[in-house]
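[1] Below is the sequence, then the predicted model.
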Amino acid sequence: MPSDSLFRYKPFEYKYQFDYIFAGAGAASLSLLIRMLQCEQFRDRTFLIVDRDRKSENDRTWCYWEKGEGFFDSLVFKKWDKTWFHGEGFSKQFNMAPYQYKMIRGIDFYTFCLNYLKKQANVTILFEPVARVYDTEHLARLVLHNGETYSATRYLFNSIPFVQPEADLKTQLFLQHFKGWVVETDQPFFDPGSNTLMDFRMDQQHGTTFVYTMPLDEKKALVEYTLFSKTLLPAEAYDEGLRNYIRDYLKLDDYRITEQEFGVIPMTNYQYPQGEGRLVNIGTAGGQTKASSGYTFQFIQKHSHSIIDSMLMYGHPRPESYHSGRYRFYDRVLLDVMSKGELSGAEIFTRLFRRNPIQRIFRFLDNDSWLPEELLLIGSLPTMPFLRAALGR
């Protein structure tokens, strides 16, 4: 018999076989599935989405820049038109137009998506841990920890990173790890019209370290202590970093912490497997996390849109990668430079923001730039460390 944790939110007969299966119910699976359900060509198909968590907590916040209105714009909790960058000897507030910096809270995203799915008669939601996924000659299969097996007759989209990269002579593996506090004051303190994208004035002893601050209103802000390094810190070190930054740079003494979040994102030149046959890896498991920055949400949106286009035009969900070619090369070179320690991440990003318009940097980080401006960006950095790393690659 099927597991008791199967939630059938519609009156159709339960089956172990579906047209499409989604392993994981994070940003990648939900972004793609919502798009498919809103597309006429998929409305007569059956879907299963499986995750071990019920997505009932605000476990993360997605922040990203974007031109115009995005697919999930109705869920954006806060937008900013201006942003600050701080580095050693350099501080500047940038006007980001035509970009806006946007924030989506995890709980808002999960609630919207899951409520939408519950209303669809052709979608089954299952809250169980997934043991493995694999492809056979005619079907893709998902196996739960309890042994139950489900089959996808068309495609199985997997966002669970079963394969974990390990550092070696060819593979760089950094971690972007962060802890955030939502802090609240009794009196107006923050400027809700501008955020801080990166503040590198912190002690860099643990690796590339910066703080970003996202004012939600005049009395409340998300303050996130972030590091790019190869190892995590002791739990108390993140709290110490946040306390020190709020005291020394925000000059704020009287506040209360109303929410907390913690996360780890891989930054690696390892090429995650794309999947074979009817198994398609998406999200971080499919290489949609940018190796040099950790940005993921917007690459997931681009990838989801491209998968839909590919299925409609060519009958398969394998579009060209947004991380291919020269952008993957740039990411590898940057990770090599940071790994060798010739330049710190703080020095690199400060040089970039001091010598380039922010729009050019955004296009570059979006893998959406063109070669002449890439050469301008590269030319704004110290030549020899990057040249040595590039020749090594």
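    It's in. These numbers were taken from a predicted model, which means no experiment stands behind them.
[2] Roughly how far does Thr149 sit from His305?
    Going from Thr149 to His305 by Cβ to Cβ, to the nearest Å gives 31 Å. C-beta: built from backbone N, CA, C; applies to glycine.
[3] Likewise for Ala131?
    From Ala131 over to His305 the distance is 31 Å, taken as Cβ to Cβ.
[4] Kindly report the same for Pro372.
    27 Å.
[5] got a list of what the one residue sitting closest to the centre of the chain touches?
    Residue closest to the average C-alpha location in the chain (Cα atoms, centre = their mean): Thr296, at 2.6 Å. Thr296 makes contact with Ala27, Ile265, Gly283, Thr284, Gln288, Thr289, Lys290, according to Cβ atoms under 8 Å, 6 or more residues apart in numbering.
[6] pretty sure the first one is in contact with Thr61, am I right?
    I take that to be Ala27. No - the pair Ala27 and Thr61 does not pass the contact test of Cβ atoms under 8 Å, sitting 11.5 Å apart.
[7] tally of neighbours for the residue nearest to Leu252 when sequence neighbours are not counted?
    Closest residue to Leu252 apart from its sequence neighbours, by Cβ to Cβ, 6 or more residues apart in numbering: Ile246 at 5.1 Å. The tally of other residues near Ile246 (other Cβ atoms under 10 Å) stands at 21.
[8] how deep is Leu32 tucked in, by neighbour count?
    25.
[9] gap between it and Val50?
    Here the criterion is Cβ to Cβ. By it, Leu32 lies 14 Å from Val50.
[10] repeat for Thr209
    37 Å.
[11] Next: Lys119.
    Between Lys119 and Val50 the computed distance is 19 Å (Cβ to Cβ).
[12] Looking at these two, which one has more neighbours?
    Val50 (24 against 10).
[13] and that one, what are its bridge partners?
    Ala23, Leu126 (DSSP bridges).
[14] Number the chain from 145, please
    Understood, numbering begins at 145; the last thing we discussed is Val194.
[15] how near is it to Phe215?
    From Val194 to Phe215 the distance is 23 Å (Cβ to Cβ).
[16] so how far is the helix or strand hosting Ser450 from its chain's centroid?
    Assigned by DSSP states H and E, Ser450 falls within helix 441-458. Distance, stretch centre to chain centre, for helix 441-458: 16 Å (Cα atoms, centre = their mean, to the nearest Å).
[17] Break the protein down into its domains, please.
    If you go by automatic domain parsing, the domain ranges for the chain are 150-202+250-307+416-458, 317-412, 469-536.
[18] So for Pro516 and His449, which sits in the more crowded spot?
    A count of neighbours by other Cβ under 10 Å puts His449 above the other of Pro516 and His449, at 15 against 7.
[19] quick one, what contacts that one?
    So His449 contacts Arg179, Phe215 (Cβ under 8 Å, 6+ apart).
[20] let's go with 6 Å and repeat that
    Taking Cβ atoms under 6 Å, 6 or more residues apart in numbering as the definition of contact, His449 has no neighbours.
[21] what lines up beside the helix or strand hosting Arg285 in the sheet?
    Following DSSP H and E, the helix or strand that holds Arg285 is strand 284-288. Paired with strand 284-288 in the same sheet, following DSSP bridges, are strand 274-279 (antiparallel), strand 293-302 (antiparallel).
[22] For the first one, which outside residues touch it?
    To tie it back to what came earlier, the one meant is strand 274-279. In contact with strand 274-279 (Cβ under 6 Å, 6+ apart) are residues 167, 194, 285-287, 289, 300, 302, 304, 420-423.
[23] go with 10 Å
    Contact with strand 274-279 is made by 165, 167-168, 194-196, 284-294, 296, 299-302, 304, 306, 419-425, 429, as judged by Cβ atoms under 10 Å, 6 or more residues apart in numbering.
[24] who's in contact with the spatially closest residue to Asp510 that is not a sequence neighbour?
    Spatial nearest neighbour of Asp510, excluding adjacent residues (Cβ to Cβ, 6+ apart): Gln442 at 6.9 Å. By Cβ under 10 Å, 6+ apart, the contact list for Gln442 reads 206, 208-210, 214, 246, 432, 434, 466, 509-512.
[25] All good on my end, thank you.
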